[in-house]
Every structure is written in structure tokens, then in C-alpha cells.
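**Student:** Everything below, folded, please.
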Amino acid sequence: MKRYTVIMSTWLLCMGLTANAQTTTYDRHEFSIYGNGGLSTLNYRMTNGAQYVGFGGGGGLGYTFNIAPLWGIHTGLGVALYNSSASITNGVHLITHDLEDNTGDWMDLHTTFEGHTEAQRAVYLNIPLMFQFRVGNFQLQAGYKLGIPLAASFKVSGLTVSNRALYLNMSVPPTYEVWAPDAKALGFGEFDNESASGALKLKVAVSASLEAGLWWTLSPKYKLYTGVYLDYGLNDIIANRERNVLEWNDLLPSKPFHVNSVLTSHNPETKYRITDHVSPLALGVKIALSLGTKKTPINPVMDDFGERKPDSTEFFAQQKADSIVEAAQQRADEMLAEAQKKANAILAAEKRRDSITNRSHYSRDLKGLADPIQQYNISTIELPENYIKVLDRKVEILRKYPYINVVITGHTCNIGTDQINYLIGMRRATEIRNYLINKGIDPKRLEVDSKGKLQPILPNDTEANRAKNRRVEITIVD
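**Tutor:** The predicted structure is shown next:
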């Protein structure tokens, strides 16, 4: 294989050089119309399932400005179609916690998928910016493409969904869990041959692009190009992944759940993405028809790079001038490096002085963030009124340090069962989290937890101590 590649590359180069030696003119401006096809897919990694590539293609208009006989800059407009598909592994069990039905009761929804198949399609308007190197009939292009999304959609078919609801019954002691009976009107039970479809919201795509091929002269004006290309997406094009794969709502008029695309969903139990880093990927064949508009003669005193060929007198004079300029540049660089060294020393001294002050402020802010919110009434989740200003101060600290992520942990006193106290602690922590989100803090920075009555800070032997144990603490996550 390596030997074949070397032979082909040598042959192409020799053919190009031979053709170039016989060329006396070149096109300064070239316009082209092209079509392409092959592997054209959305490329991504997937958990709890598999992703399959698809085929597509496109076409468009191109423009090349040839700077010199060998070099040019290429751009244009093109439309590209990308197809892909995915499937969730049969039997995958997903749990959505803390759903509230239309009667105000709370439950966990257990969902199992069978036979899931999803097709995805995206159409992009691509704008290339490529540097072109051409030797005779051989052409090589490399650069980037900016893709603007025009349309994107998904379609799920042949899906069997099994939903079961687990309620926590706290109406009378002792507390126990109850599985709800199947009720398809409420979305509980097994649903066969389900389907779903919808639009996908995508972002602008940036792709690295490489292309190589041969030109065939049809007439003095027209040329035919055949080649291969590779476009590799560099950025994640999915705009939002905040949805669950299956979203349940018993107030929906038709049926109480709908299925979302795996590209825009996360696992409801772990909050981890089902797909990661979705980007376009294309590998295929391209055919183009080119029209040259202006012939530029190749000057015999100019080289193939568009530079003048100097004679011997000019060469040595230029060489001497270059050496003088190089010596002056070297001295200027040395003086600049010395000045930069002194400036860096001054900046380092100022940074050391500022860091002492910054560490003091940082330590004070972290202490304010860690101060607990206490004095909750028994079995309530509402924020104590006298702690609103304290919580607003914590909002200011989180805004000041946007790189800090925190865990909000709810605690209770020893009155009540372990399970009830765990739920009360979790709801207190969730209430604080919602307050911070409403104040503009990114939800991704906030986790919630509950320790119930397991971690008191004082003995639960007096009402004053129990009031201090009924608290919410905010701690930094490394």
C-alpha cells in the first residue's frame, strides 16, 4: 500500500510539472459549479446505545482567485446534506425522579425502551475558505468551512415503551412505596410501536477540510475537476441537551408523554448526556466544472510563486542588504527582550502584592458561602425570612467566582423517621437551589443532596439545638 501511494504521488507530481512547463498562461479568476457525494453523517459518541453513519451529498458554487500560477484562495457557497441514525440498547432502564402528577402526589417514573430506532437529518450552508496549491493538472486544497444550519430533524419509529410509577405513600405511618397500576390514560403501562418526530436546534459548525484531485481541460475556457474530499467537524453543534429522553406530563391532551431525540437528551437519573460532541463528518467524491474568465501570461522573469527572478548583480546586492537588515533586527530583538525582562520583573512584584490581598478576600468570601442557613420550622421547607439577606450574599459570592461549583445539602433534627427527614432535607436543598437559579446562577453549577438527621452539628437535646440542626449548607465541589 505504501509503495503504491509513493508511485501514484510521484506520477501525479511528474505529470503536473510536465504540464506546468508547457503552460504560458493561467486563469486569474475561476468560477465553478460542483456536486459531491459519499459518506456524509453526524458523528458522535453514544452511551447506552449505538450510532450509525449515513450517506449524503450536496452541491454549490465556487470561486478561486489565483495569486500566482501555483497558488490560489478558494471560497464559495454550498449546501450539504448529513444523515445518521442511532438506537438505544434494548432493555435500558431509565428513572426520572420526583415527578408531580395532577393530584399533587410525587413519584419516580421507571421507563424501559425496546426496539428504539432514530433517524437524524441536517442541512447546512457551507462557506469554505481554502488555500489552493496547483501543479499542472494536480490540485490540493486545505482550510476550513463555516457551516450555517438551514434545517435539522429527527424521527423515532418502532419503539416499545414501558412506564411504571413508584409512589411514596406518606399519608399514614408507616411510610411505604406503592407501584401504581397500569393506566394508559396516565401514561403507565406498555406502549407498542410508538413514534416521534421533530426539529433539532443546531449551532454553526466549523470543519477542517482537505481536498485533492485532477483537472482535465475541455476547452480554452472550461475544465473538469474530479477529486476526493474530507470534512471533519471541530465543534459540538447541539445547542441544548436539557431534556429527558422521555418527558411525562399527565396534563397533555393526546397522551401523557413524548419521546425526544437522543442528540438533545440526557439520562434523567444521572444527568449525563446520551450523546457527546455531535459534529458533521463527510468523506466522498467531488466533480466540478470550472470557467476561467481572464488569462494572465506567465512572465519569463517571474518564478512559479509569482516572485521576480533576480540577476546576479541584484542577487548579491539584495543578499548584502538582507544581512544588514537581519543584524539590525537581531539587535532590536535583544533590546526588546531586555526591556521585556525588566517589565516582567515589575509585573511579578505587583502580582505578589495583589495575590496577598486577593487570598484574604477569597478566604473571607468562602467563609460567607459556607455559613449555614438555620432556624427552619419543623417539617417546613420555606426559607426562614431572616436568612434572605444571608442567601443574597451567597448569590453575590457565586457571581463573583463563576468557576465555583457547589453542593447544597439539606439537614433536619431528629424528629420523624429517616425517610421523611431525608425527603424534607432534599426539598429544603431544592428550594435553595431554585432561589439561586432565579437570581441568575447557572443550574449546572448547583447540585443538591440530603443528609436528613444523620449529621447534626449539636446534640438534639433542646429545641434551640434542634432549630440549629434544621439547616441547609452550601459547600464547594472540587
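**Student:** what residue ranges in the stretch 151-300 of the chain score low on pLDDT?
**Tutor:** By pLDDT under 70, the weakly predicted segments of the stretch 151-300 of the chain are 169-176, 250-254, 267-272, 293-300.
**Student:** residue ranges for the helices of the stretch 1-150 of the chain, please.
**Tutor:** Secondary structure of the stretch 1-150 of the chain (DSSP state H, counting those that start in this stretch): helices at 2-21.
**Student:** for the stretch 301-450 of the chain, same thing?
**Tutor:** Under DSSP H, counting those that start in this stretch, the stretch 301-450 of the chain gives helices at 312-370, 388-400, 418-438.
**Student:** Show me what the second one packs onto, helices and strands only.
**Tutor:** Going back to what we said before, that points to helix 388-400. Contacts defined by 3 or more C-beta pairs under 8 Å, 6 or more residues apart in numbering; DSSP states H and E place helix 388-400 against helix 312-370, helix 418-438. Every residue, glycine included, has its C-beta placed from N, CA and C.
**Student:** Any chance of a markdown table for those helices, columns mean pLDDT?
**Tutor:** Formatted as a markdown table, these follow (pLDDT from 0 to 100):
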| stretch | mean pLDDT |
| --- | --- |
| helix 312-370 | 75 |
| helix 418-438 | 91 |
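**Student:** deepest of those helices, which one?
**Tutor:** Mean neighbour count (mean count of other C-beta atoms under 10 Å) peaks for helix 418-438 among the helices and strands packed on helix 388-400, with a mean of 19.
**Student:** how far off helix 388-400 does it point, in degrees?
**Tutor:** 60 degrees (axes from the mean of the first three to the mean of the last three C-alpha atoms, to 10 degrees).
**Student:** From the contact counts, what lies against helix 418-438?
**Tutor:** If contacts are counted by 3+ C-beta pairs under 8 Å, 6+ apart, helix 418-438 sits against helix 388-400, strand 405-411, strand 446-452, strand 472-477.
**Student:** what's the closest of the helices and strands packed on helix 388-400 to residue 83?
**Tutor:** Among the helices and strands packed on helix 388-400, the nearest to residue 83 by C-beta to C-beta is helix 418-438 (37.6 Å).
**Student:** Okay, angle between the closest one and strand 446-452 too, please.
**Tutor:** Orientation check (the same axes, to 10 degrees): helix 418-438 against strand 446-452 gives 160 degrees.
**Student:** Name the residues that touch helix 418-438?
**Tutor:** Helix 418-438 is contacted from outside by 168, 170, 175, 373, 376, 379, 381-383, 391, 394-395, 398, 408-412, 416, 443, 446, 448-454, 472, 474, using C-beta atoms under 8 Å, 6 or more residues apart in numbering.
**Student:** May I see the buried residues of stretch 32-44?
**Tutor:** Neighbour-count burial for stretch 32-44 flags 32, 34, 36, 37, 38, 39, 40, 41, 42, 43, 44 (criterion: 16 or more other C-beta atoms under 10 Å).
**Student:** now stretch 134-151
**Tutor:** Neighbour counts over stretch 134-151 (16+ other C-beta under 10 Å) mark 134, 135, 136, 137, 138, 139, 140, 141, 143, 145, 147, 149 as buried.
**Student:** Which of those residues fall in strands?
**Tutor:** Under the assignment DSSP state E, those contribute 134, 135, 138, 139, 140, 141, 143, 145, 147, 149 to strands.
**Student:** Distance of the last one relative to residue 136?
**Tutor:** Remark: distance between residue 149 and residue 136 (C-beta to C-beta, to the nearest Å) = 39 Å.
**Student:** Same question for residue 194.
**Tutor:** According to C-beta to C-beta, residue 194 and residue 136 sit 59 Å apart.
**Student:** Nearest the middle, which residue of this protein would you pick?
**Tutor:** Against the mean C-alpha coordinate of the chain, by C-alpha atoms, centre = their mean, the closest residue is residue 236 at 3.1 Å.
**Student:** Just to be sure, it is in a strand?
**Tutor:** No: counting by DSSP: H, G, I helix; E, B strand; the rest coil, residue 236 falls outside a strand, being coil.
**Student:** neighbours around residue 273, how many?
**Tutor:** For residue 273, the neighbour count with other C-beta atoms under 10 Å is 21.
**Student:** List the residues that contact it.
**Tutor:** 47, 241, 265, 266, 267.
**Student:** Try it again at 7 Å.
**Tutor:** 241, 266 (C-beta atoms under 7 Å, 6 or more residues apart in numbering).
**Student:** okay if I get the helices and strands packed on helix 418-438 as CSV plus mean pLDDT and mean neighbour count?
**Tutor:** Listed next are these as CSV, based on pLDDT from 0 to 100; neighbours: other C-beta atoms under 10 Å:
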stretch, mean pLDDT, mean neighbour count
helix 388-400, 88, 15
strand 405-411, 93, 21
strand 446-452, 93, 18
strand 472-477, 90, 18
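**Student:** any chance of the ones you listed in TSV, plus distance to residue 55?
**Tutor:** Below are those laid out as TSV (distance: least, C-beta to C-beta, whole Å):
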stretch	distance to residue 55
helix 388-400	48
strand 405-411	42
strand 446-452	42
strand 472-477	44
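**Student:** Pull the number of nearby residues for the closest residue to residue 92 other than its chain neighbours.
**Tutor:** Counting by C-beta to C-beta, 6 or more residues apart in numbering, residue 92 lies nearest to residue 48, which is 5.0 Å off, once chain neighbours are set aside. Using other C-beta under 10 Å, residue 48 has 15 neighbouring residues.
**Student:** Against residue 292, how distant is residue 48?
**Tutor:** Taken as C-beta to C-beta, the span from residue 48 to residue 292 is 54 Å.
**Student:** same deal with residue 239?
**Tutor:** Remark: distance between residue 239 and residue 292 (C-beta to C-beta) = 42 Å.
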